[in-house]
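Peer 1: whatever this is, show me its structure:
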Amino acid sequence: MMKKFLVTFGLAGLILIGSNHGASAASNTYTVKKGDSLYKIAKIYKTSVSNLKKWNHLKSDLIHPKQKLVVSSSTKAASKKATTTKKTVPAKRTASSNSKSPKVVKTLTVTSTAYSANCKKCSGITATGLNLKKNPNLKVISVDPKVIKLGTKVYVQGYGYAVAGDTGGAMRGKKIDVFFPSKTKALQWGRKTVKVQILK
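Peer 2: Model (predicted):
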């Protein structure tokens, strides 16, 4: 009986020591659970969302289950060291790509609608000869050539980098039509006011 008690006590002690050690080691990290958000985690650990994003090198508020997050500044240095090797090459590439980034010549505020080439009477061929049906992933906008010249490279707010490659009867003045491969996405875009950067 005594022997059984000692064995049980010994096992309990090992479990207790093991669990305490795990809690200590993991006290500066947190494993994301379903339903968690950065705001919720920040509140639990009495920090801010911006700190969590900074410590974990997050560009957005999106997190996913089983993702491990640094939740304390004490592991900030260790986290940086762990990711230095992985981030060295991309950092150089980014610097290289930024040096070749296009120059913004002018910024316009325009009214934007959207269109698709998926209709029975649509040829899918733009005013500059682009085949949108064969190349549905192209980023093209329809413009008034008097405002934005055909062939101009642009950056459209909420749409991305594109080329002014088409015209339309309704495109008069500061209006543009952005191309989407499907009618559904075009309808989702709707009508909105956006900024267009003219690039060089």
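Peer 1: just the buried positions in the longest strand belonging to the chain, please.
Peer 2: What stands out as the longest strand in the chain, according to DSSP state E, is strand 104-115. For strand 104-115, a neighbour-count test (16 or more other Cβ atoms under 10 Å) marks 110, 112-115 as buried. In this view, the C-beta of every residue, glycine as well, is placed from N, C-alpha and C.
Peer 1: same deal with stretch 150-163?
Peer 2: Within stretch 150-163, the residues that qualify as buried by neighbour count (16+ other Cβ under 10 Å) are 152, 154-156, 159, 162-163.
Peer 1: what about the strands in this protein?
Peer 2: Along the chain, counting by DSSP E, strands occupy 29-31, 68-70, 104-115, 140-142, 153-156, 160-166, 175-179, 192-199.
Peer 1: that older thread, which of the buried residues of stretch 150-163 sits closest to Lys54?
Peer 2: Closest approach to Lys54 among the buried residues of stretch 150-163 (Cβ to Cβ): Tyr155, at 27.1 Å.
Peer 1: about what we covered before: let me know the closest of the buried residues of stretch 150-163 to Phe180.
Peer 2: Among these, Tyr159 lies closest to Phe180 (Cβ to Cβ), at 9.1 Å.
Peer 1: related to what we said a few turns ago, ok now the longest strand of the chain, how far from the chain's centre?
Peer 2: How far strand 104-115 lies from its chain's middle: 22 Å, per Cα atoms, centre = their mean, to the nearest Å.
Peer 1: that one - contacts with which helices or strands?
Peer 2: Using 3 or more Cβ pairs under 8 Å, 6 or more residues apart in numbering; DSSP states H and E, the elements in contact with strand 104-115 are strand 175-179, helix 183-189, strand 192-199.
Peer 1: least confident secondary structure element in the protein?
Peer 2: Lowest mean confidence among the helices and strands of the chain (mean pLDDT, DSSP states H and E): helix 2-25, at a mean of 42.
Peer 1: kindly provide the whole-number mean pLDDT of the longest strand of the chain.
Peer 2: Per-residue pLDDT values over strand 104-115 give a mean of 93.
Peer 1: domain ranges for this structure?
Peer 2: Split into domains by automatic domain parsing, the chain comes to 27-82, 104-199.
Peer 1: worst average pLDDT in these?
Peer 2: Looking at those, the bottom one is domain 27-82 with a mean of 80.
Peer 1: in CSV: the strands of the chain, plus distance to Ala186.
Peer 2: Output for those, formatted as CSV (distance: least, Cβ to Cβ, whole Å):
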stretch, distance to Ala186
strand 29-31, 41
strand 68-70, 38
strand 104-115, 4
strand 140-142, 12
strand 153-156, 14
strand 160-166, 14
strand 175-179, 8
strand 192-199, 12
